[in-house]
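J.: Sequence first, predicted coordinates after that:
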Amino acid sequence: MQKKVTLDETDWKILEALQRDGRCSFRDLALQIALSPPATAERVRRLEADGVIAGYQAVLDPAALGHGLEAIVRISVASGRQCVTLLDELAKLPEVLEAYRVTGTESAVARIAVSSSAHLQLVIDRLTTIGKPTTSICTSSFRRTPQFGRATPRSPSPVRRRGQRAPRRRSE
């Protein structure tokens with residue numbers, strides 16, 4: 001079990017800023033949080049070493065890549081033996097953006113992105129070789145930044161309709 005890391009308000013400001021712009025320089029980040037660049041760099045390195053910052057990546061917009069139709073698929077399998085390999089099987093499908101093995105009636109829940117309803121049908125057909133899929137098409141969503149243990153929680157990002165882009169940041 002991983003130890004819990006205690007974060008102060010400055011740590012949260014760093015995390016929020018890096019989630020907005022993971023390519024931000026230490027100098028620019030330091031200006032945003034009112035610390036010196038060396039102190040900022042040290043805090044970021046500590047957050048990385050503690051596992052709070054697990055990595056940096058480009059976030060792609062499936063709609064911009066021609067896969068603007070997203071769906072949540074719940075998959076039931078008949079036996080426990082199939083549950084063991086379920087996530088491995090889902091990982092083989094490029095349309096699966098994320099998947100979770102869950103408890104309850106279903107064995108897994110996956111979020112998929114496809115280009116059309118015909119493409120969705122092809123993915124559902126492939127999923128029937130793994131288990132019994134039940135599909136719901138996504139019409140809107142939001143993504144929340146983890147804020148566990150924060151003294152003053154922030155609101156989630158605004159709800160966006162499928163295909164609607166996030167507002168652009170103003171250049172400074």
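T.: Cool, the structure landed.

J.: Packing partners of the helix or strand containing Trp12?
T.: Per DSSP states H and E, Trp12 falls inside helix 9-20. For helix 9-20, the elements it packs on are helix 26-33, helix 37-49, judged by 3 or more C-beta pairs under 8 Å, 6 or more residues apart in numbering; DSSP states H and E. (Each C-beta comes from the backbone N, C-alpha and C, glycine too.)

J.: angle of the longest one against helix 9-20?
T.: With axes from the mean of the first three to the mean of the last three C-alpha atoms, to 10 degrees as the basis, helix 37-49 and helix 9-20 are set at 80 degrees to each other.

J.: buried residues in whichever helix or strand comes after helix 37-49?
T.: For helix 37-49, the following helix or strand on the C-terminal side (DSSP H and E) is strand 69-76. Buried residues in strand 69-76, counted by 16 or more other C-beta atoms under 10 Å: 69-71, 73-75.

J.: Relative to the centre of this protein, find the outermost residue for me.
T.: Relative to the centre of the chain, the most outlying C-alpha is that of Ser36, 30.6 Å out, by C-alpha atoms, centre = their mean.

J.: ok, now which ones touch that one?
T.: Taking C-beta atoms under 8 Å, 6 or more residues apart in numbering as the contact definition, Ser36 lies against Ala30.

J.: still on that earlier bit, okay, the angle between the helix holding Trp12 and helix 26-33?
T.: Angle, helix 9-20 to helix 26-33, by the same axes, to 10 degrees: 120 degrees.

J.: so the residue most central in space within the chain, which of the three states?
T.: In the chain, the centroid-proximal residue (C-alpha atoms, centre = their mean) is Arg143; its distance is 7.3 Å. Recorded secondary structure, Arg143: coil (DSSP: H, G, I helix; E, B strand; the rest coil).

J.: and it, what are its phi and psi?
T.: The phi/psi pair for Arg143 (degrees, to the nearest 10) reads phi -130, psi 130.
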